[in-house]
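J.: Quick one, fold the following:
(2 chains)
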Amino acid sequence: MAGLTGRMSTVVKAKVSKLLDRAEDPAETLDYSYQKQVENLQNVKKGIADVVTAKKRLQMQETSLQQSVVKLDTQARQAVSAGNEELARTALERKNVAQTELQGLDTQVAELEEQQQKLTDSEQKLRAKIEAFRTKKEVIKAQYSAAEAQVRISEAATGVGEQMADVGLAMQRAVDKTENMKARADAVSELEAAGTFDDVTALGSGEDDIDRQLKELSSKPAVDDELAKLKGEIGAGDAPAPVAIPAEAQSASEPPAGGADAAQTGDPAK
Amino acid sequence: MIVRISGEDQYLLADEESDRLNELERVAVEHVESGKEDGFADAFAALLAFVREHGTAIGDAEIETSDVILPPADLTFEEAGREFTGEGLIPD
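T.: Next comes the predicted model:
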């Protein structure tokens, strides 16, 4: 086309032509490339399935973090009721960290969800293209063996070749994307498996790493505010602590779920 | 004039549109060269939007040789940079 000297299209077109130049016998190339396309489409589908699995794993982690947030909140309230401000502060700090982690997970899951949708759409589109390619390839092969109108055939074959190269490219991109997403989701899951999320949400005197200490530092004003609010809510009603306090404070400091359940039933705020 | 948006579709555009197309493309490439990521995203989106709006999608049944092939819509700024400095979407 006259006048089209744009650098972008020229570069892309030159590269597609280069791919096509590698093809020799048209009929053979068409069959081979169709077969390859079908195989690659399976890879795209498998990649999408992997992304879905990774996303489900992150969602399960979200659920468990949400439970931790609820538990830590309950424990903070109990600690305030019991007049143990230090313990309440620790619980709120942990809760704050858990909430931050939760927000991060939310973002990850939403991103995976969006990408998964896009990939599923493009997988369907690619399938339609491959089907169209299959039909067209048979027509070209028939024409080619009839050895008629050679010029027209080679023109048609170029169009199909271009389509073939383009579908191949789109599939490669889709597979790369699923791999990237899966790797990112796996990295988050591995952090969880290594106990990062577990011990930030557990109450106790576990050793803090620098990152976590920094996070706690930056969350201090928020924790102070929340503690003041809790004290306002709870302290206003029943200021002098009842006898049950030491037991509650103790149960609140136990990390296992059983401790929280027991404490929950004894929550004077409820 | 047949324009392919890679990974998407082929579009039939009137030949008179080629000047405008060239201009939009030039702007997008300029942003890559001057390292303006935001500008590139907008310019590239405008280029593809122009093709989709002013062209008629050919569809999968008809396969023609394209006069122009544009990169896929999800082309990143990094990819665009590599594209115009050697190793691109299709490695050499």
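J.: all helices for chain B, in order.
T.: Shown for chain B, the helices assigned by DSSP state H span residues B:18-33, B:37-54, B:77-83.
J.: Restrict the longest one to CA atoms and write it as PDB.
T.: Below are the C-alpha coordinates for helix B:37-54, written out as PDB (Å, rounded to 0.1, in the frame of the first residue of the first chain):
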ATOM      1  CA  GLU B  37       4.800   5.600  28.800                       C
ATOM      2  CA  ASP B  38       1.500   7.400  29.500                       C
ATOM      3  CA  GLY B  39       1.600   9.200  26.200                       C
ATOM      4  CA  PHE B  40       2.300   5.900  24.400                       C
ATOM      5  CA  ALA B  41      -0.600   4.100  26.000                       C
ATOM      6  CA  ASP B  42      -3.000   6.800  24.900                       C
ATOM      7  CA  ALA B  43      -1.600   7.200  21.400                       C
ATOM      8  CA  PHE B  44      -1.500   3.400  20.800                       C
ATOM      9  CA  ALA B  45      -5.100   3.100  22.000                       C
ATOM     10  CA  ALA B  46      -6.100   5.900  19.700                       C
ATOM     11  CA  LEU B  47      -4.400   4.200  16.800                       C
ATOM     12  CA  LEU B  48      -6.300   1.000  17.300                       C
ATOM     13  CA  ALA B  49      -9.600   2.700  18.000                       C
ATOM     14  CA  PHE B  50      -9.200   4.600  14.700                       C
ATOM     15  CA  VAL B  51      -8.800   1.300  12.900                       C
ATOM     16  CA  ARG B  52     -11.800  -0.300  14.700                       C
ATOM     17  CA  GLU B  53     -14.000   2.700  14.100                       C
ATOM     18  CA  HIS B  54     -13.200   3.500  10.600                       C
END
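J.: And it, what's buried?
T.: Across helix B:37-54, burial judged by 16 or more other C-beta atoms under 10 Å in any protein chain shown covers B:39, B:40, B:41, B:43, B:44, B:47, B:48, B:50, B:51, B:54. Yep, even glycine has a C-beta here, placed from its N, CA and C like the rest.
J.: returning to that earlier point: of all the helices of chain B, which lies closest to chain A?
T.: For chain A, the closest of those is helix B:18-33, at 3.9 Å, according to C-beta to the nearest C-beta.
J.: is that closest one anywhere near chain A?
T.: Yes. Judged by C-beta under 8 Å from any C-beta of the partner chain, helix B:18-33 and chain A are in contact via B:18, B:19, B:21, B:22, B:25, B:26, B:28, B:29.
J.: so for that helix, what's the average pLDDT?
T.: Helix B:18-33 shows a mean pLDDT of 88.
J.: Buried residues of that helix, list them for me.
T.: Those would be B:18, B:21, B:22, B:24, B:25, B:27, B:28, B:29, B:31, B:32, for helix B:18-33 by 16+ other C-beta under 10 Å.
J.: picking up where we left off before, any chance of the helices of chain B in a markdown table, plus distance to residue A:104?
T.: As requested, the helices of chain B are arranged in a markdown table below (distance: least, C-beta to C-beta, whole Å):
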| stretch | distance to residue A:104 |
| --- | --- |
| helix B:18-33 | 32 |
| helix B:37-54 | 24 |
| helix B:77-83 | 24 |
